[in-house]
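**Q** Below are the sequence and a predicted model; questions follow.
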Amino acid sequence: MIVSRREQWLGRVLLVILMAVTVLPFVSLFVTALHPSGTYPAGLSWPATPHWSNFVEAFKAADMGRLLWSSVLIEVGVVPVSLLISTMAGFALGHLRPPGGRALFIGFLLGLTLPFEGIIIPLYYQMRDLGLLNTRWAIILPLIGLYMPFAVFWMRAHFITMPDDISEAARIDGANLWQLFWRIHVPLSMPALSSLAILLFLWSWNQFLLAVVLVSDPLQRTMAGALGAFQGQWGTDIPLLCAGSLLILTPTLVIFLVFQRRFVSALLQGSLKG
């Protein structure tokens, strides 16, 4: 494919503009967090004396250690269970193709159109009737269900492209259905599983709405959900609030940077597989 020099420069300019728009809010947060506590910085002015202690103070004020542990417990409850259920369902719908599987898959597709905001009120009363309100289970169980339509859709898109010859060869060698799933298809699905795990981790870590509505104790929420309580307490201290926001964002940025290549390749693989 031949691309003219003008198109090359235009593409680079657009990429620079998009990168600037994306990076500028983080730069603004970082610069503001270095100003003296209690001040109101204007613009992107670099402070004469950077106050790196704001990050330590924000970590202690928000009790980030306990919030980090709470977020890890929620991740452990959501991600493995969602991966297991969606992998089994995707294998059934995409590879086994049972009777009525198409109608069931359409039901999962309709679940993709369900917004969190539209079900938050009935979900609140349901968690209250179950006695799970103000516990981490009030976040874990709804997230597993709400993530399931996309997770099943993702895994089905992978399994539907797997050649039937692989399964036939395994059955000839004496493998039953369970062995076919665990020993053949799951190892071959690691790229799709790892990318889905990254997505579920990022979405669960950044979950704000369910954590704020269903859990009143900030120490039982995700780190993003606890930002609401932190903002209420330190909302007038802009540098400290920015420092706390950056601390909450740091784990997701680290995860994305570490698994960036795997994540991008998996997304491209999913787009090619349709």
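**A** That came through fine.
**Q** secondary structure element for Ser195?
**A** Here Ser195, judged by DSSP states H and E, is contained in helix 190-205.
**Q** For that helix, buried residues please.
**A** Neighbour counts over helix 190-205 (16 or more other CB atoms under 10 Å) mark 192-201, 203-205 as buried. To be clear about C-beta, it is placed using only N, CA and C from the backbone, and glycine gets the same treatment.
**Q** What is the burial count for Thr22?
**A** Look at Thr22: counted by other CB atoms under 10 Å, it has 9 neighbours.
**Q** scratch that, Leu246 is what I was asking about
**A** Leu246: 18 neighbours (other CB under 10 Å).
**Q** Use 6 as the first number for this chain going forward.
**A** Will do, 6 is the new start, and the previous item becomes Leu251.
**Q** returning to that earlier point: which of the buried residues of helix 195-210 sits closest to Ala53?
**A** Nearest to Ala53 among the buried residues of helix 195-210, counting by CB to CB, is Trp210 at 35.1 Å.
**Q** ok, the closest residue to that closest one other than its chain neighbours - contacts?
**A** Setting aside the residues directly before and after it, Trp210 is nearest to Thr257 in space (CB to CB, 6 or more residues apart in numbering), at 5.5 Å. Counting by CB atoms under 8 Å, 6 or more residues apart in numbering, Thr257 touches 207, 210-211.
**Q** Name the SS class of Thr257, please.
**A** Secondary structure, DSSP: H, G, I helix; E, B strand; the rest coil: Thr257 is helix.
**Q** how close does it sit to Arg107?
**A** 36 Å (CB to CB, to the nearest Å).
**Q** Check Pro85 too.
**A** 28 Å.
**Q** Quick check: Asn59 touching Ser42?
**A** Yes: with contacts counted by CB atoms under 8 Å, Asn59 reaches Ser42, the gap being 6.1 Å.
**Q** which residues are common contacts for those two?
**A** Common neighbours of Asn59 and Ser42 (CB under 8 Å, 6+ apart) are 244-245.
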